[in-house]
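Asks: take a look and give me a structure for this.
(2 chains)
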Protein chains: 2
Amino acid sequence: MTQPLRIALAGLGTVGGGVIRLLDENGALIARRAGRPIEIVAVSARDRSKDRGVDISRFEWVDDTTALASRDVDVVVELVGGSDGPALTLARSALGAGKGFVTANKAMIAHHGLELAEAAEKAGAALKFEAAVAGGIPVIKGLREGAAANEISRVYGILNGTCNFILSKMEAEGRDFAEVLAEAQALGYAEADPTFDIDGIDAAHKLSILASIAFGTQPAFADVAASGIRHVLAADIAEAAALGYRVRLLGVADHGAGGLFQRVHPHLVPISHPLAHVTGATNAVVAEGNYVGRLLFQGAGAGDGPTASAVVADLIDIARGEFGPAFAMPSSALLAQGAADSGERRGRNYVRFAVADKVGVLAEIAAAMRDAGVSIESLIQRGASGDGSVLVAIVTHEAPERAVAQALERLRGSQSLTGQPLWMHILE
Amino acid sequence: MTQPLRIALAGLGTVGGGVIRLLDENGALIARRAGRPIEIVAVSARDRSKDRGVDISRFEWVDDTTALASRDVDVVVELVGGSDGPALTLARSALGAGKGFVTANKAMIAHHGLELAEAAEKAGAALKFEAAVAGGIPVIKGLREGAAANEISRVYGILNGTCNFILSKMEAEGRDFAEVLAEAQALGYAEADPTFDIDGIDAAHKLSILASIAFGTQPAFADVAASGIRHVLAADIAEAAALGYRVRLLGVADHGAGGLFQRVHPHLVPISHPLAHVTGATNAVVAEGNYVGRLLFQGAGAGDGPTASAVVADLIDIARGEFGPAFAMPSSALLAQGAADSGERRGRNYVRFAVADKVGVLAEIAAAMRDAGVSIESLIQRGASGDGSVLVAIVTHEAPERAVAQALERLRGSQSLTGQPLWMHILE
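Replies: Predicted coordinates for the structure are as follows:
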């Protein structure tokens, strides 16, 4: 076991550079822990000459990224990104050649993870993607191994650092979404095209991976109901705070006889819950097991250092020979479970309306709720938003989601509403 | 790999019963995850006839616990307890016979872990003890594997659920230690002889195991400076709260050129820190790595369900063939690092004096601090304790611990003090 583990590295962006720096700086310690050195031997990226702050002249340069799989290496590390294209070609060819494959690519694993897991098992090779979910937090390992003795009833958490950064800043400074997003973009905390983060797609990729490992089901990204934080107002955060909650974009998955439920949505989190205290770009994941109870994993969800930490942790597992089926069980044992009907779910809800400041509006809303069988726990009408409309925030008693949807349907097109209502679920 | 993993189970207390129930209830799921069934075949305990709420008649009964190692099994699970005696005899004989060994016994691992790791490596057998630290939380795995790419600068956390339960209750209800302890004992949250918990010995066992894995050093329980929570008053908790802190019993370990530092002591934790929000019997561990940053693992630190979850997670690792050196690297690679001189450490401190209500006392305390070179950030004199003495609480600016110790030494035997001062460190 003193032969080095030889690595081909595809992609030399910030994470790729981080992996090189990490192996340089911590290499001796890693060799003690892994039982042998981990050595990069070949690299590939779009631009050979770009200054990355690390010396790459010592590695073999390969122009064609997908050709890395044919080098004399043990593991291919993919940090190129994209659910298809070169990343997927490289994954297929690396596993097909019997090499280990390590990736931070959540989109590719969410879309093609099952196929790749089958290929890895057929080849007896490692497929690992700790960095794909929640950055540096070892939550894939926590579910696949740490909580493996449990029937997991629910897994949920803060899976997108950009959204949590924005919500925390809105909360701390009382400012609205668009303004804080612009600032986050200027600071580099949000991308120029923030759609994947802001609209919950990135969190949905991650949630579908977590759900598969937690429940023993095939990854089902297409079944995640995802929405984001674009429509959350500073006023919503203030109302939530007055009621004892904080607003967090949560990915939530559970499963039962009715099927697999997966949703990414802004939620009201009780102030007594650990997730209410997760601020900034931090990620946190909760798993609820029938023996272990509630487990929480928290840490940095992105950034070159944390992501490199997770990539190299996967490499250490491979160097140690401590790996097995990627989704915690052989891919043939994963169940193809249909999506649950969310209409049957019962819970408490926050619904906020922007309404015209005129007689009868409250009565109209209250009647719609009553007619749909939704009982109101509290109602606050306060202030006026920028366009002169008034905000009405309702918290419902426990009700089936179908009933809440029906109430909103009844109000659709009402002249009293000046905008789309915002519906947030309350985390129990 | 479809051969069952055969288990001999020593100890049928609450945790042993939990392991049996867990394997009964989750067995099919575990077989999917582990790739093969996990089956108990032999058991041993002190009393064969005791009703444990589980059917043990289906297992071979072995009168002599230490004889379990000679049964035809793959793994021996030890839940007997005690750092020496039958537990240690069983560990030695199981590993000597080349069988895997899984235990929840923190005292034995803290005292004899190195010897047992050597025996396991010699035999090529698994030695695993996830349940020995922080109950159901997979923190051994988190450090050994999840954070393995990092140089860990510090590991610390809430490692004793009984103490955290008592401190949380003192905090919530403003009551003093002795009263809350008595109630915790009546409720079964604290043992009749609570010494190991209350005086920090249990947390010290756990800390020495975490430190070894985090830093690549030999377990050094004897070098842990441990004290407990007996001397924390409700008034200390109230003063800490007024200053923006909560009082938590923390195990803290770090290492550097000066050696290995390990301490269990009540600390002031800033309200902005996640550990300040850990209440009740929950445990939480933080590891700080040079690439991953701050990782937090939180969950149930004790109880039959969570502990059984950790024991069976170890068994699943073994069933999968995913195991290696117990302390993250071969025992021969673990460094024998001496204990650090805590006098050189710099930090902010909380020191509370119980003093006589008379002229000149404050001047005497202030002079002692000044003469030792300790600068005072704030001083509060408030109220009177039950015996009529007055409490003076000081927060120091950053100072070397030696200087604070010198100031306390100067005040030793002073007629002004009506009791021992309480010194708590402030977590940075």
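
Asks: other SSEs contacting the lengthiest helix in chain A?
Replies: Within chain A, and with DSSP state H defining each element, the longest helix by residue count is helix A:14-34. Secondary structure elements in contact with helix A:14-34, counted by 3 or more C-beta pairs under 8 Å, 6 or more residues apart in numbering or on different chains; DSSP states H and E, are strand A:5-10, strand A:38-44, helix A:304-320. Where you see a C-beta, it was placed from the backbone N, CA and C, and this is true even at glycine.

Asks: could you rerun that using 7 Å?
Replies: Helices and strands touching helix A:14-34, as assessed by 3 or more C-beta pairs under 7 Å, 6 or more residues apart in numbering or on different chains; DSSP states H and E, comprise strand A:38-44, helix A:304-320.

Asks: parallel or antiparallel, which strands does the shortest one pair with?
Replies: In this case it means strand A:38-44. In the sheet containing strand A:38-44, its partner strands are strand A:5-10 (parallel), strand A:60-61 (parallel), by DSSP bridges.

Asks: for the longest one, list the C-alpha coordinates in CSV.
Replies: In this case it means strand A:5-10. In CSV, the C-alpha atoms belonging to strand A:5-10 read as follows (Å, rounded to 0.1, in the frame of the first residue of the first chain):
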residue,chain,number,x,y,z
LEU,A,5,-2.5,7.0,-5.6
ARG,A,6,-2.1,8.7,-9.0
ILE,A,7,-4.6,11.4,-9.9
ALA,A,8,-5.6,13.0,-13.2
LEU,A,9,-7.3,16.3,-12.6
ALA,A,10,-9.8,17.9,-15.0
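
Asks: how about residues contacting it?
Replies: With C-beta atoms under 7 Å, 6 or more residues apart in numbering or on different chains as the contact definition, strand A:5-10 has outside contacts at A:16, A:19, A:36, A:38-44, A:65, A:68, A:71, A:73-80, A:90, A:315, A:318-319.

Asks: one more time with 8 Å, if that's ok
Replies: Residues outside strand A:5-10 that contact it (C-beta atoms under 8 Å, 6 or more residues apart in numbering or on different chains): A:16, A:19-20, A:34, A:36-45, A:59, A:62, A:65, A:68-69, A:71-80, A:86-87, A:90, A:315, A:318-319.

Asks: ok and that strand relative to helix A:14-34, angle-wise?
Replies: Using axes from the mean of the first three to the mean of the last three C-alpha atoms, to 10 degrees, the direction of strand A:5-10 lies 170 degrees away from that of helix A:14-34.

Asks: buried sites along strand A:5-10?
Replies: For strand A:5-10, a neighbour-count test (16 or more other C-beta atoms under 10 Å in any protein chain shown) marks A:5, A:6, A:7, A:8, A:9, A:10 as buried.

Asks: so where's the stretch 151-300 of chain A shaky on pLDDT?
Replies: Counting by pLDDT under 70, the stretch 151-300 of chain A contains no low-confidence residues.

Asks: how does it look with 90?
Replies: The stretch 151-300 of chain A contains residues with pLDDT under 90 at A:187-192, A:256-258.

Asks: hmm, back to that, from the contacts of strand A:5-10, list the buried ones, please.
Replies: Buried, going by 16+ other C-beta under 10 Å: A:16, A:19-20, A:34, A:36-45, A:59, A:62, A:65, A:68-69, A:71, A:73-80, A:86-87, A:90, A:315, A:318-319, out of these.

Asks: one step back: as a markdown table, the helices and strands packed on helix A:14-34 with mean pLDDT would be great.
Replies: Putting the helices and strands packed on helix A:14-34 into a markdown table (pLDDT from 0 to 100) gives the following:
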| stretch | mean pLDDT |
| --- | --- |
| strand A:38-44 | 98 |
| helix A:304-320 | 98 |
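
Asks: columns distance to residue B:370 on top of those, output as CSV?
Replies: Below are the helices and strands packed on helix A:14-34 laid out as CSV (distance: least, C-beta to C-beta, whole Å):
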stretch, distance to residue B:370
strand A:38-44, 54
helix A:304-320, 43
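
Asks: if I look at the spatially closest residue to residue A:152 that is not a sequence neighbour, how far off is residue A:250?
Replies: Using C-beta to C-beta, 6 or more residues apart in numbering or on different chains and skipping residues adjacent in sequence, the residue nearest residue A:152 is residue A:214, 4.2 Å away. The gap separating residue A:214 from residue A:250 is 15 Å, by C-beta to C-beta, to the nearest Å.

Asks: what parts of the stretch 1-150 of chain A come near chain B?
Replies: A:18, A:22, A:25-26, A:29-30, A:32-35, A:130, A:136-138, A:141-142, A:145-150 (C-beta under 8 Å from any C-beta of the partner chain).

Asks: let's see it at 6 Å
Replies: Counting by C-beta under 6 Å from any C-beta of the partner chain, the residues of the stretch 1-150 of chain A lying close to chain B are A:22, A:26, A:29, A:32-33, A:136, A:138, A:141-142, A:146, A:148-150.

Asks: in CSV: those, plus pLDDT and neighbour count.
Replies: Compiled in CSV, those are given as follows (pLDDT from 0 to 100; neighbours: other C-beta atoms under 10 Å in any protein chain shown):
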residue, pLDDT, neighbour count
A:22, 98, 25
A:26, 98, 22
A:29, 98, 18
A:32, 97, 17
A:33, 98, 26
A:136, 97, 31
A:138, 98, 30
A:141, 98, 24
A:142, 98, 30
A:146, 98, 33
A:148, 98, 29
A:149, 98, 30
A:150, 98, 30
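
Asks: chain B contacts on the stretch 251-400 of chain A?
Replies: Remark: the part of the stretch 251-400 of chain A in contact with chain B comprises A:277, A:291-293, A:295-296, A:298-300, A:305-306, A:308-309, A:312-313, A:316, A:320, A:322, A:324, A:328-329, A:333, using C-beta under 6 Å from any C-beta.

Asks: now do the contacts for residue A:137.
Replies: Remark: with contacts taken as C-beta atoms under 6 Å, 6 or more residues apart in numbering or on different chains, residue A:137 is in contact with A:283, A:297, A:299.

Asks: pick out whichever of those residues sits closest to residue B:245.
Replies: Of all the contacts of residue A:137, the one with the least separation from residue B:245 (C-beta to C-beta) is residue A:299, at 23.0 Å.

Asks: dihedrals phi and psi, residue A:403?
Replies: Backbone dihedrals for residue A:403, given as degrees, to the nearest 10, come out at phi -70, psi -40.

Asks: which residue packs closest to residue A:30, ignoring adjacent ones?
Replies: Excluding the flanking residues, the one nearest residue A:30 by C-beta to C-beta, 6+ apart is residue A:38, at 5.9 Å.

Asks: need the contact list for the one you found.
Replies: A:5, A:30, A:315, A:319.

Asks: where do the strands sit along the stretch 51-200 of chain A?
Replies: Using DSSP state E, counting those that start in this stretch, the strands of the stretch 51-200 of chain A run over residues A:60-61, A:75-78, A:100-103, A:127-128, A:152-158.

Asks: which helices and strands does the last one pack with?
Replies: Using 3 or more C-beta pairs under 6 Å, 6 or more residues apart in numbering or on different chains; DSSP states H and E as the contact criterion, the neighbours of strand A:152-158 among helices and strands are helix A:201-215, strand A:245-256, strand A:282-289.

Asks: winner for burial among the ones you listed?
Replies: Burial among these, expressed as mean neighbours by mean count of other C-beta atoms under 10 Å in any protein chain shown, is greatest for helix A:201-215, which shows a mean of 28.

Asks: and of the contacts of residue A:137, the nearest to chain B?
Replies: Closest approach to chain B among these (C-beta to the nearest C-beta): residue A:299, at 4.3 Å.

Asks: phi, psi for residue A:36 please.
Replies: Residue A:36 has phi and psi values of phi -170, psi 160 when expressed as degrees, to the nearest 10.

Asks: that one and chain B: what is the separation?
Replies: To chain B, residue A:36 is 11 Å away according to C-beta to the nearest C-beta, to the nearest Å.

Asks: now swap in residue A:362 and tell me
Replies: According to C-beta to the nearest C-beta, residue A:362 and chain B sit 37 Å apart.
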